[in-house]
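>>> my questions concern the predicted model and sequence given below.
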Amino acid sequence: MSKPYRLSAGGSRIDRNRRVSFSFDGRQLTGFAGDTLASAVSAAGQRVFGRSFKYHRPRGVVGLGAEEMNALVGVGEGARHEPNLRATQVEIHDGLTAVSQNRWPSLTFDIGAVNNTFSRFIPGGFYYKTFMWPASFWKHVYEPFIRRAAGLGKAPEGRDPDSYEQIHVHCDVLVVGAGVAGLAAAEAAAKAGARVIIADENPVFGGLADISGGAIDGLAQADWALAKARTLASAENVHVLNRTTVVGHWHHNFLMLFERVADHDPARLRTGAPRHRLWKVRAHQVILATGAIERPIAFANNDRPGIMLASAARGMVERYGVAPGASGVLFTNNDDAYQTALVLKAAGVAVRVVDSRARADGPLPAKAREQGIPVDAGSVISAVNTSFGGLSVTDVRIASYRKGQGRVIKETRAACDFVAMSGGWNPALHLWCHNGGKIRFDDQLQTYRPDRHADRITAVGAANGSFTLASILEEASAAGSRLAGSGNVHPVPAVMQAGQQPMEPIWFAPATGKYNEGNKHFIDFQNDVTAADLELAQREGYESVEHTKRYTTFGMATDQGKTSNLNGLGVLSEATGKPIPEIGVTTFRPPYTPFSFGSMAGVLTKDLFLPIRRTAIFNWHTAQGAVFEPVGQWRRAYTYPRAGEDNHAAIAREILAVRNKVGLLDASTLGKIEIRGPDAAEFLDRMYTNVFSTLKVGKCRYGLMMNELGFLTDDGVTVRLAEDHFLMHTTSGGADRIAAWLEEWLQTEWTHYRVFVTPVTEQWSQFAIAGPRARDVLKKLAPSFDLSNEALPHMSFVEGRLGACPVRVFRISFSGELSYEVATPSGFGLGLWKAIIEAGAEFGLEPYGTEALHVLRAEKGYIVVGDETDGTTTPVDVGLDGLVSKKKADFIGKRSLEQSYLKGPNRKQLVGLLTEDPGEVLPDGAYAVRQVKDKPPMEMIGQVTSSYRSPTLGRSIAMALIENGRARMGETLSFPLPGGKVVRATITDTVFYDKEGAKLNV
Amino acid sequence: MLVVKCPVCGAEGDETDFHAGGQAHVRRPASHDPAHVSDEEQRDYLFIRINPKGLHFERWRCDRGCGKWFHAARDTVTLEFKAFYGITELPPADVIAEAKGQWAEYFAKRLKAEKQA
Amino acid sequence: MSELSHESPLAGVTPPPGLSVSLREITDRGMIDLRGHGSDQAFLSAVKGALGLDLPLRPRTSAGSDDLRVLWLSMDQWLILCPRTKAAEILAALRSALTGVHSLAVDVSDMRAVIRIEGGGCREVLMKGTSLDLLDAEYRPGCCRRMRFAEIAALLSVVEDNVFDVYVFRSYARYAWDFVCATAREPARVRLFGAQDAPA
């Protein structure tokens, strides 16, 4: 078939001189520049765009833009594929490939369509009623079935090759929607000097101006809109955004705008432009000029391909020069839709009007009759007949109707190949409602309108339920000036527009034949919810509309009830006999239309996905082939395997180097905080469990920190630099948290303390030189200070130089060996590191990573906060009671340690573990049980907190938190592992190596 | 996303530039008389919080600004901030007057105690 | 060790081609973190004596010249910027002047990386990473403030109308640099509120 529906003339959006070739479901088609996928495919004579969600009924285009609920397509190939786009909003370009969705194997023959035949067995709540029992079926039978049957589109395959980004912008006034109302409001606000953003989801500004009759300032609406768009675009204080959907409104006027930068223009994409951009806008005032969405009418089989909204039929002709068919029936309950009849007639398409109102004699119906268009007032469409498989409309039956009448009495038949329907217009309230805006029912318009809102947001024009040009322009201009803070009212242009008679709601059109026998009155097309489903839910006792919504899934599809919401409420109103306002409303949720995951991520993908922190030695570690491990956001060298070595061997080698010779660790990530002031010592006494006021200048002390609950939260060594000056070390992961913690207490509780706290973590590169030869290495580096054990004993500090390099040296040890931690300003870090490596060569120095560090400390029974503690562990639990001061009246967490629940008899206590089989390494987290049984549940009495192969001892070692552990020394416990194996281990002291500490004080 | 304003340095911005610190005006009993804190007092200090629908009083920190802690009065329904005030201060009198339920009781007690002292 | 070699956080990193702004690391900047109470006259005059200039007391402002500039960080915290070679001398002068005055002055010259972003459109580039309204009149030369940038903490300093310095902690230097490179690509350029083409 060659373009049977493309009219010979007309089409304001298309350029007939520029042909565009694209494919739909593999079929090569040609359209014109400016076409949407919907118009171009329709022009080629194709009606069916997809299959419905539940019943797999063939579906065609219903809407003109964002409200489209049927024609969802996948666009692009491979990694560029994007599912679930509305064909009415996809602009075609050369080479575009699109596919229909939710059908198998093809659009015209779909196996899932048996669901339609058996639809009487798939009522509302079907899933809840059927897929319930037995529970074992859930995972392997029901879920895969539902997932396969329910899919809307397919996720793309492979890594997305395009880029995306985000930007934050502030404005005085954000105008949402660039129809007549939005343009007028933006102009008035801009004239008043405000910084204005006006955004519209369509490529062209003007909203529905081009398909609505009437004139402004003597210009056709569309021409007026074009002129205003030009003026706004050239203004210095206005930013115009087309192809940009305002997808959501959140607290304090935070809005997200989804801009499709290059979807329509592959050439632009190829230059490297981002495909989508997400705008995060903070607006002082928001003007919603989002217009209105036409309502379908619930008549029997109103979902057949070829049945569309009246505005969509009109737009198809006027914008794209495409006839929706050769002959059509317009079903309406209002005057506005007569414009569609007139447009169709003018384009040479046969049309007749079915109007449910008893009288249709306003100016527009009168004009239609003048043009020779037959008008059946007091009538409804009572049946739609289709060709085999429901693929196309062949004729409709027209029945006479009086309001409230529920059955068909007399019918006539009218041949047609399409139907245009209009049940009136609903203000697009989605953004109004996203953040709690209240709405009220308007009896005259028979729809909801904006009412109150806690944010600075104002609806104007059709979004506010104002449908005449004069009222739209007046309230939009006034709002624009007022919200921009201007007292001057912007002049309102003169308008000309035909008057309209009131609409009359029709929520359910009576049907030919028995109720619900092959007759489906669709309310929610996308989720396949019919009027009968809603009535059934009502009969089954779902009285609250919120329950009905979840039970039937009405309004829950990706279109968020754009076309279905009010029709559903109308049906429920008739089913219950309650007026619509008493039915209640459901919540519209963001987004207004779906937006891409790419735009949500922006540039924060790949290397930028997570901020990675690097020490000054990072590149050296990398060059040495280090394996890294994440510690918070840091990447720390885990071990340095040599050629032919696995991680285990490398770690063992590094450990033995420290025990027997000397090792070098990059400890730069340790938190460092300078604390100074007359009350610094007293403040530290409040923060730590142990006493710091007695610490001598130049000495170091290990400290424990609890939170107010009495649980361990951090530990580290603090040195007293001067009487009133301390340098605190925290764990690597705790650096920022502890600095903030200290500030918090100073600012909020002990405000009289004179103490300053300055975090300096990254000022310093810090290395541990550990092992019996550590002093020899340092001596070679020309220290400006005495390194002897007498001058610089364990837990002391000195500041000086190594050669020319300024250093702070702490004689502290986390390995149990003679050990110095050397800190130097980070810029000197790499130079010093290399110098130490060089100086250490003759002593067998090796760099060691964090795993060796962990094994070394475990051999000595030193805890790691976060390994031996889990957020509910007290200092007493880990055997550090000695570090909890009895003398200090108060410190953080002290009082909580006295609470009954922390003094109970069965606390878990830290113990050492030696497995019966020395080669067996318990897994971290393995549970000890009171009694081994065949299968779980077994009573658990504790868990392994650290477990390693110790090359020093030539066997495995572990630590564990065990109920009453310290009273169980020598007891053997069982640790059942997944798979049935049971490991047995004996409780010991936690110190496995050098219990006397002889190696420390040399 | 809320817009927060620091009363100390005047910086205004997204809540992501700030740090929410839970309920305001929680008294730490151990700071006053550490030897005589009952189990119940300590429990209330650690765990018991007011969770009103409506006006609430909170602690915030100007995390990405001056670093100072401050107080805020916020309506938990409309999310409107009614006042920002110093970390050692009480809310403005007109905001205290709007407080309901447990908060009204708290402020009445506190103002009375301050008058006596 | 005899010679001293100093390496900046972004040593060896160069901007990729095709950026809409110019980008470089400033490596020779000395920085001193100074704590003291802005309400303490003894502190203020001691600092003035040592630096020869008044500390800026208005939030988010700075004072001084190219050679010696002080950025306001908080009511009780400032960042003193100077040539790197001068930092030790200035710190010593400060500490000596502040003897007996409650304060804390620390050399933090190696704690942060400084990224200079220069050129038309640099505000828009930065606005891809921060929710601050950089088009507001507050962000004129001399203004400085801490902010959340991308996913990290940063300090922003407006040097000239189209010249910004972004200070980030040293460990995040590469992340921040890569973020700016990703958002500053010429094809991704955004021009806010200027004259535009009308939507067709």
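The structure has been received and is ready for your questions. This structure is a prediction, so every number in the text was calculated from the model and none was measured.

>>> may I have the helix or strand A:Val777 falls within as CSV, with CA atoms only?
A:Val777 is located in helix A:774-780, with elements delineated by DSSP states H and E. Extracted in CSV, the C-alpha atoms of helix A:774-780 (Å, rounded to 0.1, in the frame of the first residue of the first chain):
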residue,chain,number,x,y,z
ALA,A,774,62.8,-0.3,60.8
ARG,A,775,65.3,1.8,62.8
ASP,A,776,68.1,0.9,60.4
VAL,A,777,66.1,2.1,57.4
LEU,A,778,65.2,5.4,59.0
LYS,A,779,68.8,5.9,60.1
LYS,A,780,69.9,5.7,56.5
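
>>> just give me how far the lengthiest strand in chain C sits from the chain centre.
Longest strand in chain C, counting residues (DSSP state E): strand C:152-160. Taking CA atoms, centre = their mean, to the nearest Å, one finds the center of strand C:152-160 at 5 Å from the center of the full chain.

>>> is chain B contacted by the helix or strand just after it?
As assigned by DSSP H and E, the chain's next helix or strand after strand C:152-160 is strand C:163-169. No. Contact of strand C:163-169 with chain B (CB under 8 Å from any CB of the partner chain) is absent, the minimum separation being 12.4 Å. C-beta coordinates here come from the backbone N, C-alpha and C atoms, glycine included.

>>> parallel or antiparallel, list what pairs with strand C:163-169.
Strand pairing for strand C:163-169, using DSSP bridges, gives strand C:112-118 (antiparallel), strand C:152-160 (antiparallel).

>>> before we move on, back to that, packing partners of the helix holding A:Val777?
Secondary-structure packing of helix A:774-780 (3 or more CB pairs under 8 Å, 6 or more residues apart in numbering or on different chains; DSSP states H and E): strand A:819-825, helix A:826-840.

>>> rerun at 6 Å
Judged by 3 or more CB pairs under 6 Å, 6 or more residues apart in numbering or on different chains; DSSP states H and E, the packing partners of helix A:774-780 are helix A:826-840.

>>> and chain B, which residues reach chain A?
Taking CB under 6 Å from any CB of the partner chain, the part of chain B that reaches chain A is made up of B:1-3, B:28, B:30-31, B:34, B:37, B:42, B:69, B:78-79, B:87-88.

>>> which of the residues you listed are buried?
Listed as buried from these are B:Leu2, B:Val3, B:Arg28, B:Ala30, B:Val37, B:Gln42, B:Trp69, B:Leu79, B:Ile87; burial here means 16 or more other CB atoms under 10 Å in any protein chain shown.

>>> so what's the fifth one closest to, chain neighbours aside?
Leaving aside its sequence neighbours, B:Val37 sits nearest to B:Pro29 (CB to CB, 6 or more residues apart in numbering or on different chains; 4.4 Å).

>>> contacts only, for that neighbour.
By CB atoms under 6 Å, 6 or more residues apart in numbering or on different chains, the contact set of B:Pro29 is B:Val37, B:Glu41, B:Tyr45.

>>> how about those residues in TSV, adding pLDDT and distance to A:Val322?
Putting the contacts of B:Pro29 into TSV (pLDDT from 0 to 100; distance: CB to CB, whole Å) gives the following:
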residue	pLDDT	distance to A:Val322
B:Val37	96	80
B:Glu41	96	77
B:Tyr45	97	72
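
>>> quick one: those residues as a markdown table, columns for distance to A:Thr873 too.
Shown next, in a markdown table, are these (distance: CB to CB, whole Å):
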| residue | distance to A:Thr873 |
| --- | --- |
| B:Val37 | 23 |
| B:Glu41 | 24 |
| B:Tyr45 | 21 |
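
>>> the residue most distant from the middle of chain A, which is it?
A:Glu790 (60.5 Å; CA atoms, centre = their mean).

>>> swap in chain B?
Largest centre distance within chain B, by CA atoms, centre = their mean: B:Ala35, 26.3 Å.

>>> phi, psi of that one?
Per-residue torsions, B:Ala35: phi -80, psi -20 (degrees, to the nearest 10).

>>> how far away is it from A:Ala889?
To A:Ala889, B:Ala35 is 7 Å away according to CB to CB, to the nearest Å.

>>> do A:Thr622 as well
51 Å.

>>> ok, now A:Val384?
On the measure of CB to CB, A:Val384 and A:Ala889 end up 85 Å apart.

>>> repeat that for B:Ile87.
If you go by CB to CB, the gap between B:Ile87 and A:Ala889 works out to 24 Å.

>>> same question for A:Ser477.
70 Å.

>>> neighbour-wise, which of those two wins?
The neighbour comparison of A:Ser477 against A:Ala889 (other CB atoms under 10 Å in any protein chain shown) goes to A:Ser477, with 23 against 12.

>>> helix or strand for that one, just tell me which one.
A:Ser477 belongs to helix A:469-483 when elements are defined using DSSP H and E.

>>> need the next SSE after that helix, C-terminal direction.
The first helix or strand that comes after helix A:469-483 along the chain, using DSSP H and E, is strand A:495-496.

>>> run through who's touching that following strand.
A:Gly214, A:Ala215, A:Ile216, A:Leu469, A:Ala470.

>>> next secondary structure after it?
Next along the chain after strand A:495-496, with elements defined by DSSP H and E, is strand A:522-524.

>>> circling back: which single one of the buried ones among the residues of chain B next to chain A is nearest to A:Val20?
Distance to A:Val20 across these (CB to CB) is lowest for B:Val3, with 45.3 Å.

>>> what about the closest one, distance to B:Ala73?
15 Å.

>>> can you give me the buried ones in the longest helix seen in chain B?
What stands out as the longest helix in chain B, according to DSSP state H, is helix B:101-116. Judged by neighbour count using 16+ other CB under 10 Å, the buried positions of helix B:101-116 are B:Trp103, B:Tyr106, B:Phe107.

>>> of those, closest to chain C?
When those are ranked by distance to chain C (CB to the nearest CB), B:Phe107 comes first, at 27.5 Å.

>>> from the opening residue of stretch A:26-45 to its closing one, how far?
15 Å (CA to CA, to the nearest Å).

>>> got the buried residues for it?
A:29-44.

>>> please, where are all the strands along the stretch 201-350 of chain A?
A:215-216, A:219-220, A:238-241, A:244-250, A:254-260, A:276-288, A:292-294, A:307-309, A:327-332, A:350-355 (DSSP state E, counting those that start in this stretch).

>>> look at the closest residue to A:Leu7 other than its chain neighbours and say how many residues are nearby.
Using CB to CB, 6+ apart and skipping the chain neighbours, the partner closest in space to A:Leu7 is A:Gly321 (4.5 Å). Using other CB under 10 Å as the criterion, A:Gly321 is surrounded by 24 other residues.

>>> so how far is A:Trp741 from A:Gly321?
Counting by CB to CB, the gap from A:Gly321 to A:Trp741 is 69 Å.

>>> cool, C:Ser8 as well?
Distance, C:Ser8 to A:Trp741, by CB to CB: 31 Å.

>>> if we can go back for a sec, which of the contacts of B:Pro29 lies closest to A:His521?
The closest of those, once distances to A:His521 are taken by CB to CB, is B:Tyr45, at 61.1 Å.
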